[in-house]
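**Student:** structure, please.
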Amino acid sequence: MSEARINWISGPVLRATSEQQFHIHESIRVGEVGLLGEVIRINGDEIVAQVYEDTSGLRPGEAVFGSGSPLSVRLGPGLLGNLFDGLLRPLTLEQGNFVKPGIQARVEEKFGFTPRLKPGDQVEGGAIFGTLNSAKGRPQYALVPPWVNGEVTWIDEAGEYPDDKTICIIKESDGKEHQLSMCHDWPVREPRPIKKRMKIQGPLLTGQRILDSLFPLACGGRAAMPGGFGTGKTVLQETLAKWCDADVIVYVGCGERGNEMAGVLDEFPQLEDPHSGRQLMERTLIIANTSNMPVAAREASIYTAVTVAEYLRDQGLRVALMADSTSRWAEALREVSGRLGELPGESGYPAYLSSRLADFYERAAAVHTLCGKTGSVTLIGAISPPGGDFSEPVTTHTKRYTKVYWTLDSTRAQARFYPAVHPLLSYSEDIQSLVDFWKQNHHPDWLKQRRRFLSMMEDQQRLERMARIIGKDALPPRQQHTLMCAELINEAFLRQSAFSDIDRYCSPQRQAAMMRLIHHFIVKSEEALERGVAIEDISSMPLLRRLQRMGEEIGEDNIKAFTQLSHSLDEAFSKLKEGETDAAG
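**Tutor:** Numbering: from 1, shown residues only. Take a look at the predicted model:
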């Protein structure tokens with residue numbers, strides 16, 4: 001174990017002198033209580049390190065001990081359903097109301113183990129050697145560490161064991177033995193190995209119409225969610241955590257306010273998983289590193305979260321990682337960079353901000369895992385640009401590495417429009433890859449109808465500026481029709497009530513039915529205009545109100561009602577042709 005002595009310290013950054021050998025990214029322990037840190041620079045016999053805990057009270061002359069290994073976290077079965085800090089150390093009530101310095105990561109638990117191999121079997125890294133069961137959380141697999149290959153010489157029988165007990169021994173061809181437990185350590189800054197990446201197989205369904213139908217995110221993709229203060233980033237991420245069709249949710253609160261994380265921690269254990277009917281926390285892992293916690297640990301929390309997500313992916317699971325927010329993470333980079341005396345870049349951020357963002361987002365993928373299963377990690381990063389300025393560095397650099405961009409608009413949020421995603425400032429580059437998915441879900445015209453909706457909302461923005469000058473009634477009937485249809489798209493399709501038991505979640509089948517119905521109204525109303533029907537007669541149709549409310553009135557168990565509503569629409573327009581507008585609807 002290497003040892004050094006502190007000669008300078010400022011906040012989370014320290015310098016120490018040693019004649020012994022240290023390595024870049026080596027994990028260290030600092031002082032009498034053993035504060036966790038990491039070596040980030042070596043200059044001759046001097047090391048520079050960042051400490052991931054509060055350094056109050058440290059002084060020159062105190063000891064720094066090197067571990068000889070990089071900053072790592074312990075991965076195993078005791079992850080789901082629990083709360084951790086940014087370094088994957090459990091946060092429990094037994095530790096008190098405040099995080100104590102130098103806490104250790106080990107909290108022994110027992111899990112049921114069922115072997116899936118026998119002595120004499122040949123195994124490779126990443127293989128499954130047993131099934132693990134817990135009183136809380138879903139069943140998982142015991143994985144052979146990726147660097148271990150050889151023959152099983154001994155494996156324990158089925159039973160309940162501590163997670164750090166040796167339950168399998170593997171002998172390599174050179175005679176070296178590896179004693180395996182349910183857990184193993186992995187460096188947080190190193191991506192876990194895979195067999196190969198896969199092409200896009202389908203979307204990560206969120207149950208939110210504006211996201212799934214207009215700006216879909218591929219399973220294993222990357223999405224950015226920028227928005228100013230109060231636009232609903234945290235609320236939307238919590239909604240996605242509950243309703244998306246991922247097997248596991250990893251939620252990392254990176255530098256957010258403590259009261260927001262307290263709300264998450266209070267609400268999540270009370271929520272029911274709509275997919276299984278059990279507690280939502282059984283498939284959720286929360287990493288909390290709030291704004292008043294050590295700033296250096298905030299920088300590590302993002303890598304900790306994605307490392308855990310990759311471990312769960314390697315078990316053949318679809319994992320969704322919600323990072324709230326990457327702006328606070330970048331602020332931690334900026335603060336540590338300033339204390340290191342590095343030359344600042346744009347807005348004071350370090351010059352390597354872009355590459356660090358790339359390191360994070362490029363770990364998203366749908367893959368063939370080493371154990372022969374398929375899994376995925378989908379990353380959704382919230383961005384909090386200061387003053388709502390989307391031209392600031394974190395937002396602009398993030399756009400380079402994400403293919404989906406959900407822009408939250410303060411004007412929509414203030415108008416109580418939820419989700420407050422702006423349809424003209426958002427985009428998705430996964431569109432063409434997901435056409436086949438919608439065809440398989442009986443919506444072959446999805447791409448055409450999506451383009452029509454976005455085109456109408458773009459026309460609406462232009463026409464509303466004109467209507468404010470000359471008045472809406474002074475516009476030609478065709479332009480009034482565009483405004484009416486765009487308003488219908490906004491109210492009936494894009495707005496979604498989180499307070500409604502029916503409307504809070506919308507399946508792909510119901511989304512397709514709603515899109516077809518709205519598009520049918522647009523076509524029928526255009527035909528009516530061409531026949532000479534007054535735009536006032538169309539806009540006063542009682543059936544229009546039913547269209548606007550269909551999301552809250554027609555549930556998942558009554559999708560056939562959309563077909564009935566379409567027939568009623570045909571009858572209403574046929575009566576308009578006969579001039580019987582009062583009976584329409």
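**Student:** now do the helices in the stretch 401-550 of the chain.
**Tutor:** Using DSSP state H, counting those that start in this stretch, the helices of the stretch 401-550 of the chain run over residues 410-414, 435-440, 446-470, 477-488, 508-531, 535-539, 542-553.
**Student:** average pLDDT for the last one?
**Tutor:** For helix 542-553, the mean pLDDT works out to 93.
**Student:** now that helix: buried residues?
**Tutor:** Buried positions in helix 542-553, judged by neighbour count with 16 or more other CB atoms under 10 Å: 543-544, 546-548, 550-552. All C-beta spots, glycine's among them, are computed from the backbone N, C-alpha and C.
**Student:** so which of the residues you listed comes closest to Phe360?
**Tutor:** When these are compared for distance to Phe360 (CB to CB), Gly551 wins out at 35.2 Å.
**Student:** verify the stated contact: that closest one with Asp501.
**Tutor:** No. No contact is recorded between Gly551 and Asp501 when judged using CB atoms under 8 Å, the distance being 12.0 Å.
**Student:** rewinding a little: as a markdown table, the helices of the stretch 401-550 of the chain with distance to Pro70 would be great.
**Tutor:** Supplementary listing: the helices of the stretch 401-550 of the chain in a markdown table, determined by distance: least, CB to CB, whole Å:
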| stretch | distance to Pro70 |
| --- | --- |
| helix 410-414 | 42 |
| helix 435-440 | 40 |
| helix 446-470 | 46 |
| helix 477-488 | 54 |
| helix 508-531 | 43 |
| helix 535-539 | 65 |
| helix 542-553 | 50 |
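**Student:** for Thr231, which of those helices is the nearest?
**Tutor:** Of all the helices of the stretch 401-550 of the chain, it is helix 410-414 that lies closest to Thr231, at 4.4 Å by CB to CB.
**Student:** report all helices and strands that the worst-scoring helix or strand of the chain on mean pLDDT contacts.
**Tutor:** The helix or strand of the chain with the lowest confidence, counting by mean pLDDT, DSSP states H and E, is helix 258-267 at a mean of 77. Under the contact criterion of 3 or more CB pairs under 8 Å, 6 or more residues apart in numbering; DSSP states H and E, helix 258-267 touches helix 233-243, strand 248-254, strand 284-289.
**Student:** nearest to Gly76, out of these?
**Tutor:** Go through these one by one with CB to CB and the one that ends up closest to Gly76 is strand 284-289, at 12.2 Å.
**Student:** quick one: secondary structure of Tyr161?
**Tutor:** Using DSSP: H, G, I helix; E, B strand; the rest coil as the criterion, the local structure at Tyr161 reads strand.
**Student:** any idea how far it is from Leu80?
**Tutor:** Taking CB to CB, to the nearest Å as the measure, Tyr161 and Leu80 are separated by 18 Å.
**Student:** who has more neighbours out of these two?
**Tutor:** Per other CB atoms under 10 Å, whichever of Tyr161 and Leu80 has more neighbours is Leu80, with 20 against 17.
**Student:** so is Thr166 in a helix, a strand, or just coil?
**Tutor:** Using three-state DSSP, the three-state assignment for Thr166 comes out as coil.
**Student:** list the contacts for it?
**Tutor:** If a contact means CB atoms under 8 Å, 6 or more residues apart in numbering, then Thr166 has 156, 179-181 as its contacts.
**Student:** same question for Gly253.
**Tutor:** Gly253 sits next to 260-261, 264, 286-290, 324 when contact means CB under 8 Å, 6+ apart.
**Student:** and for Ser301?
**Tutor:** 85-87, 252, 254, 287, 289, 329.
**Student:** just the buried ones from the residues you listed?
**Tutor:** Looks like the contacts of Ser301 have 85-87, 252, 254, 287, 289, 329 buried, using 16+ other CB under 10 Å.
**Student:** pLDDT score for Glu580?
**Tutor:** In the prediction, the pLDDT value recorded for Glu580 is 46.
**Student:** cool, and Arg257?
**Tutor:** Confidence per residue is given as pLDDT, and for Arg257 that number is 78.
**Student:** any idea how far it is from Ser384?
**Tutor:** With distances taken as CB to CB, Arg257 is found 11 Å from Ser384.
**Student:** out of those two, which sits in the more crowded spot?
**Tutor:** Using other CB under 10 Å as the criterion, Arg257 and Ser384 rank with Ser384 on top: 25 against 14.
**Student:** now that one, nearest residue through space, not along the chain?
**Tutor:** The shortest distance from Ser384 to any non-neighbouring residue, by CB to CB, 6 or more residues apart in numbering, is to Ser327 (4.2 Å).
**Student:** now Asp409
**Tutor:** Sequence neighbours aside, His422 is the residue nearest to Asp409 in space, at 3.9 Å (criterion: CB to CB, 6+ apart).
**Student:** ok, now which ones touch that neighbour?
**Tutor:** Remark: with contacts taken as CB under 8 Å, 6+ apart, His422 is in contact with 407-409, 412.
**Student:** at 10 Å what do you get?
**Tutor:** 210, 227, 231, 406-413, 457 (CB atoms under 10 Å, 6 or more residues apart in numbering).
**Student:** and the residues you listed as CSV, adding neighbour count?
**Tutor:** As requested, the contacts of His422 are exported to CSV (neighbours: other CB atoms under 10 Å):
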residue, neighbour count
Ile210, 24
Gly227, 26
Thr231, 26
Trp406, 28
Thr407, 22
Leu408, 24
Asp409, 22
Ser410, 16
Thr411, 10
Arg412, 21
Ala413, 22
Met457, 20
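**Student:** reformat these as a markdown table; add pLDDT.
**Tutor:** A markdown table is the format used below for the contacts of His422 (pLDDT from 0 to 100):
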| residue | pLDDT |
| --- | --- |
| Ile210 | 97 |
| Gly227 | 94 |
| Thr231 | 92 |
| Trp406 | 97 |
| Thr407 | 97 |
| Leu408 | 96 |
| Asp409 | 95 |
| Ser410 | 93 |
| Thr411 | 93 |
| Arg412 | 94 |
| Ala413 | 94 |
| Met457 | 96 |
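**Student:** just curious, which of those is nearest to Ala135?
**Tutor:** Taking the contacts of His422 together and measuring to Ala135 by CB to CB, the closest member is Trp406, at 37.1 Å.
**Student:** the closest one against Lys233, yeah?
**Tutor:** Yes. Taking contact to mean CB atoms under 10 Å, the distance of 9.5 Å between Trp406 and Lys233 places them in contact.
**Student:** before we move on, the earlier item: just so I know, which of the helices of the stretch 401-550 of the chain lies nearest Ser566?
**Tutor:** Comparing the helices of the stretch 401-550 of the chain by their distance to Ser566 (CB to CB), the top pick is helix 508-531, with 5.6 Å.
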